[in-house]
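Trainee: Got a predicted structure plus its sequence, pasted below:
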Amino acid sequence: MNKVILMGRLTRDPEVRYTTNTNALVCSFSLAVNRRFKSEGQPDADFINIVSWGKTAEFCSKYFVKGQQVSVIGRMQTRNYDDKDGKKVYVTEVVAEEAYFADSKREQGNANNFEAGFNASAQPTETPASEGFMAIEEDSNLPF
């Protein structure tokens, strides 16, 4: 099983590009993920490269910004290639299949009016408006 779940802050704005062969949308960014325990002389966070494709890439490029806390669900991927000097370069990254906002609403402010995230495998569902529910007025005294 290859499943990765991460929550961290974006270290830079997402970079968008298109593949040369198929013109597919690709979005890359890096997450600073805090470590649970701090060791003396060791970094407090890991910096993990994330890549997303298609609709997930479109969502990330449109709504994610540097410093924002996000959550990513995907899989670990390793690959290698030869650089321009002929040296083999090894890359380990997470391929994001789902991406979500993880900041509180106060921290997000009005910058993001988008629901909660993007799940490429989720299918839209239609629910009739009058299925036993009624609208209630907003109450500022609610505890949440």
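Mentor: Everything's here; your move. Residues are numbered from 1 along each chain as shown.
Trainee: a strand runs through Leu6, doesn't it?
Mentor: Yes: under DSSP: H, G, I helix; E, B strand; the rest coil, Leu6 sits within a strand.
Trainee: Could I get the contacting residues of it?
Mentor: Applying CB atoms under 8 Å, 6 or more residues apart in numbering, we find Leu6 in contact with Leu31, Val33, Ile48, Ile50, Ser71, Val72, Val94. In short, each C-beta sits where N, CA and C put it, glycine included.
Trainee: what's the helix or strand for the nearest residue in space to it that is not next to it in sequence?
Mentor: Distances taken as CB to CB, 6 or more residues apart in numbering put Val72 closest to Leu6, at 4.9 Å, once the chain neighbours are dropped. Following DSSP states H and E, one finds Val72 within strand 69-82.
Trainee: Can you check what angle separates the longest helix anywhere in the chain from strand 69-82?
Mentor: Ranked by residue count and defined by DSSP state H, the top helix of the chain is helix 54-63. Here helix 54-63 runs at an angle of 120 degrees relative to strand 69-82 (axes from the mean of the first three to the mean of the last three CA atoms, to 10 degrees).
Trainee: Quick check: which helices or strands does helix 54-63 pack against?
Mentor: Judged by 3 or more CB pairs under 8 Å, 6 or more residues apart in numbering; DSSP states H and E, the packing partners of helix 54-63 are strand 25-34, strand 88-101, strand 117-119.
Trainee: Just put these in CSV and tack on mean neighbour count.
Mentor: Shown next, in CSV, are those (neighbours: other CB atoms under 10 Å):
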stretch, mean neighbour count
strand 25-34, 18
strand 88-101, 16
strand 117-119, 19
